[in-house]
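Asks: One predicted model, sequence on top.
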Amino acid sequence: MSAQPRKGLFGWLDRRYDLAPILAFMQHKEVPLGAHPMFWYYLGGLTLFFFSVQIATGILLLVYYQVGDQTSYESIHFITTKVPFGWLVRSIHCWSAHLMILCLVLHMLSTMMLKAYRQPRELTWLTGFSLFGLALCFGFSGYLLPWNELAFFATAVGTDMVKAVPWIGHTLLEVLRGGPDVSGNTLYRFFALHVVVLPLIVGAVIAIHLIFIQKQGMAPPIGHTVTRGMKFFPDFALRDGLLWLICLILLATLAVFLPYGPGIPGIEWELGKKANPLAPAYPGIKPEWYFLWVYQLLKEFPPHILGMEGSQAALLVATVLFGVWALLPFLDRRAAREEPSPIFTDLGAAALLFVAFLTMKAWDIGGGGGPQPDAHAVARTCAIFVLVAGLAATALRRIVWKHTWFLFTAAELLHVALHGLVGMSYLAAGAIGFVAAAVGVVLTGARAQRTAAAGDRS
């Protein structure tokens, strides 16, 4: 007996576009339940939610925004002072941008720690990594659009780093700025990137990323056979929707009570004064919080090192780190075999400590305030915080998760201690930490080979 044809709007569409297979897929799709909390599965959806808020509020801002060195600042001032609820829309737009990147960072870190990038999800990881890079471009390109003092000089400092790219740095700088200096041409180019080019690219990459996820499903815990799951629709989707509603309330609360951000360097967007290219540089310029570690890394390098400019060496280090992060699915062979890979887990923990230390130093924590904070006091205070956090995290990993590999974490904590507590230069301390890690890896590998050889003889 044939199935009764569906009625209503869905039936009308189904008879024309054969939507029944899609409905069947949604009814059978499940979210794996396993050893780790389900919270990590919601981070991707939260990132998409904040991106959707970005698009909606961005369209509303575009109704009044007029790009140009004579109109951008004035239009933002008009939006925040004259347009009904314009200040609220701009505040929500800024808050959602920071929360989107925070969720994206947490999503990437959880994917890395849970080894969800492993075979056969290598391309899912790479598209997610591409979205992370594009989100950073969104933040950087949108920073200049208010055309105020902070945005102008921060963009000048940020784009100046492009000169460190070997051979083509100066050409790239002029292409990015539309000339040798930050000007109205730079503003037009960043506007085009922010509202046209990047949204089109991001939309396409998100579509590909979601197709991969829908096709392969969410990664189960490593080494666990999925025996049960939660229906994606409606069970998981309803929980996801409730979390979106909670985040919308949080977003509205932050926008109302902190309309210009919490006042922390890198998380503030008060309009201030209009940009003046002829004025002296804005004091205490710092980039957005997610660029602070690179900003501080550039400051740690001398003008010249190993035949390179210091900025080139710093960007080389950052490029290598990002390259290793992008290639994790291909480097982590044990995870591909559904085996625990403690080396890469510890590498991720050490990377978090590395970035946290640089970010805290960029905030001048413990420096006493003022335009010239005490660099030694900053290094010492940040080192104490990172050492305490690193040792606590190591104890937690050992006691709760039974981890046994802490070599990279120990090397980074040694680096932090030598620099912050002993007073050694950042690079010298880092070199000692790197050598210690390399020696430890060699000795551990040699011991593993001897153990394997002894087992074969027995």
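Replies: Yep, it's here.
Asks: Give the buried residues for stretch 240-256.
Replies: Using 16 or more other CB atoms under 10 Å as the test for burial, stretch 240-256 gives Asp240, Leu243, Trp244, Cys247, Leu251, Leu254, Ala255. Any C-beta I mention is one placed from the backbone N, CA and C, and that applies to glycine too.
Asks: and if you look at stretch 70-82?
Replies: Ser72, Tyr73, Ser75, Ile76, Ile79, Thr80.
Asks: for that stretch, the distance to its chain's centre please.
Replies: 30 Å (CA atoms, centre = their mean, to the nearest Å).
Asks: what's the answer for stretch 8-15, then?
Replies: Stretch 8-15 sits 42 Å away from the centroid of its parent chain (CA atoms, centre = their mean).
Asks: what does stretch 356-376 give?
Replies: Chain-centre distance of stretch 356-376: 22 Å, with CA atoms, centre = their mean.
Asks: go on, stretch 312-323?
Replies: The answer for stretch 312-323 is 16 Å, by CA atoms, centre = their mean.
Asks: Give me the mean pLDDT for it.
Replies: Here stretch 312-323 scores 93 as its mean pLDDT.
Asks: Equivalent analysis for stretch 357-371, please.
Replies: Here the average pLDDT along stretch 357-371 is 86.
Asks: now stretch 375-395
Replies: pLDDT averaged over stretch 375-395 gives 96.
Asks: now stretch 162-178
Replies: 90.
Asks: ok, now stretch 11-24?
Replies: The model assigns stretch 11-24 a mean pLDDT of 82.
Asks: ends of that stretch, how far apart?
Replies: 14 Å (CA to CA, to the nearest Å).
Asks: Same question for stretch 279-295.
Replies: Using CA to CA, the span of stretch 279-295 from its first residue to its last is 23 Å.
Asks: And that stretch, what's buried?
Replies: Tyr282, Ile285, Lys286, Pro287, Glu288, Trp289, Tyr290, Phe291, Leu292, Trp293, Val294, Tyr295.
Asks: Could you do stretch 113-122 as well?
Replies: Buried residues in stretch 113-122 (16+ other CB under 10 Å): Leu114, Lys115, Ala116, Tyr117, Arg118, Arg121, Glu122.
Asks: Pretty sure the fourth one sits against Leu328.
Replies: Yes - with contact taken as CB atoms under 8 Å, Tyr117 and Leu328 are classed as touching, separated by 5.6 Å.
Asks: got any residues that touch both of these two?
Replies: Trp125 (CB atoms under 8 Å, 6 or more residues apart in numbering).
Asks: Show me where the stretch 201-350 of the chain has its helices.
Replies: 237-257, 292-300, 310-326, 328-331, 333-336, 342-362 (DSSP state H, counting those that start in this stretch).
Asks: how about Gln372, what does it touch?
Replies: Here Gln372 is in contact with no residue (CB under 8 Å, 6+ apart).
Asks: Quick one: mean pLDDT for stretch 241-259?
Replies: pLDDT averaged over stretch 241-259 gives 96.
Asks: In the stretch 1-150 of the chain, where is pLDDT below threshold?
Replies: Applying pLDDT under 70 to the stretch 1-150 of the chain flags residues 1-6, 34-36.
Asks: Show me where it has its strands.
Replies: Assigned by DSSP state E, counting those that start in this stretch, the strands in the stretch 1-150 of the chain fall at 30-32.
Asks: Which parts of it are helices?
Replies: 8-17, 20-28, 39-62, 72-81, 86-113, 122-143, 149-160.
Asks: Need those helices in JSON lines (columns: distance to Leu443).
Replies: Below are the helices of the stretch 1-150 of the chain laid out as JSON lines (distance: least, CB to CB, whole Å):
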{"stretch": "helix 8-17", "distance to Leu443": "63"}
{"stretch": "helix 20-28", "distance to Leu443": "51"}
{"stretch": "helix 39-62", "distance to Leu443": "34"}
{"stretch": "helix 72-81", "distance to Leu443": "58"}
{"stretch": "helix 86-113", "distance to Leu443": "26"}
{"stretch": "helix 122-143", "distance to Leu443": "31"}
{"stretch": "helix 149-160", "distance to Leu443": "42"}
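Asks: tell me the domain ranges of the chain?
Replies: What automatic domain parsing lists as the domains of the chain is 36-223+230-267+284-290+297-311, 341-453.
Asks: Same list (these) but as a markdown table, adding distance to Phe25.
Replies: Shown next, in a markdown table, are these (distance: least, CB to CB, whole Å):
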| stretch | distance to Phe25 |
| --- | --- |
| domain 36-223+230-267+284-290+297-311 | 8 |
| domain 341-453 | 32 |
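Asks: what's the nearest residue to the most centrally placed residue in the chain if we skip its chain neighbours?
Replies: Closest residue to the average C-alpha location of the chain: Val105 at 3.7 Å, with CA atoms, centre = their mean. Leaving aside its sequence neighbours, Val105 sits nearest to Tyr290 (CB to CB, 6 or more residues apart in numbering; 7.1 Å).
Asks: Could you do Trp40 as well?
Replies: That would be Ser110: by CB to CB, 6+ apart, it lies 4.3 Å from Trp40.
Asks: Touching, the one you found and Leu43? I think so.
Replies: Yes - if you go by CB under 8 Å, Ser110 and Leu43 touch, sitting 6.2 Å apart.
Asks: Neighbour count for the two, which is higher?
Replies: Leu43 (20 against 17; other CB atoms under 10 Å).
Asks: need the contact list for that one.
Replies: By CB under 8 Å, 6+ apart, the contact set of Leu43 is Cys103, Leu106, His107, Ser110.
Asks: Output those in TSV, with distance to Leu150 appended to each entry.
Replies: Converted to TSV, the contacts of Leu43 look like this (distance: CB to CB, whole Å):
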residue	distance to Leu150
Cys103	25
Leu106	27
His107	29
Ser110	32
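Asks: Quick check on these: which are buried?
Replies: For those, a burial check counting by 16+ other CB under 10 Å picks out Cys103, His107, Ser110.
Asks: List the contacts of the second one.
Replies: This means His107. His107 makes contact with Trp40, Leu43, Gly44, Leu46, Thr47, Gly128, according to CB under 8 Å, 6+ apart.
Asks: how close does the residue lying closest to it once chain neighbours are set aside get to Met218?
Replies: Once flanking residues are discounted, His107 sits nearest to Leu43: 3.9 Å by CB to CB, 6+ apart. Computed as CB to CB, to the nearest Å, the Leu43 to Met218 distance reads 11 Å.
Asks: can you check Ile305 too?
Replies: 44 Å.
Asks: neighbour-wise, which of the two wins?
Replies: Met218 (20 against 13).
Asks: Torsion angles phi and psi at that one?
Replies: Backbone torsions for Met218, taken as degrees, to the nearest 10, come to phi -80, psi 140.
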